[in-house]
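**Student:** fold the following, please.
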Amino acid sequence: MTISVRQAGAAQVVDIAGDVDLGTSPNLRRTLFGLVANAQKLALNMQALRYIDSSGIATLIEVLKDCQSSQKQFVLFGLSPAVREVFHLTHVHRIFRIFDTEEEAVASA
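**Tutor:** From the prediction side, this is the model:
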């Protein structure tokens, strides 16, 4: 898994590529929690994500809860069909704000 961070408007955009699993989710967790303190909005770009398992989903839920408790925004965008299916099977698509494009995610209020 690779992670890069860039600024897009008022949002910190986190680009992830590869697989998020038990071995890589701690790195994603560290990165996202490190960004929450200094960002009003985090937008996670999942376009190049091939796979996510339950540990990756748990990491995203932890970050979402942290953002909600500190009144910050955490949005997702660009879910591939395989990742979207995992989100639907686990019903977590109901708790996240998910957008198709970066433009929609960054512009969301």
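
**Student:** list of residues touching stretch 81-94?
**Tutor:** Residues external to stretch 81-94 that are found in contact with it (C-beta atoms under 8 Å, 6 or more residues apart in numbering): 46, 49-52, 54, 57, 60-61, 79, 96, 98. Using the backbone N, CA and C atoms, a C-beta is placed for each residue, glycine as well.

**Student:** for the residues you listed, pick the one with the most neighbours.
**Tutor:** Neighbour counts for the contacts of stretch 81-94 peak at I52, which has 26 neighbours (criterion: other C-beta atoms under 10 Å).

**Student:** ok, the contacts of stretch 81-94 vs Q73, which is closest?
**Tutor:** Q73 lies nearest to F96 out of the contacts of stretch 81-94, by C-beta to C-beta, at 11.1 Å.

**Student:** low-confidence ranges, this structure, go.
**Tutor:** For the chain, applying pLDDT under 70 flags no range at all.

**Student:** rerun at 90
**Tutor:** Counting by pLDDT under 90, the chain contains low-confidence ranges at 9-10, 37, 109.

**Student:** tell me where the longest strand sits in it.
**Tutor:** For the chain, the strand that runs over the most residues, judged by DSSP state E, is strand 41-52.

**Student:** that one: how far from the chain's middle?
**Tutor:** Relative to the centre of its chain, strand 41-52 is centred 5 Å away, using C-alpha atoms, centre = their mean, to the nearest Å.

**Student:** got it, and stretch 58-71?
**Tutor:** The answer for stretch 58-71 is 10 Å, by C-alpha atoms, centre = their mean.

**Student:** please name the bridge partners of the residue sitting nearest the centre point of the chain.
**Tutor:** By C-alpha atoms, centre = their mean, the mean C-alpha position of the chain lies nearest to L44, the distance being 3.6 Å. Counting by DSSP bridges, L44 is bridged to V14, L76.

**Student:** no more questions from me, cheers.
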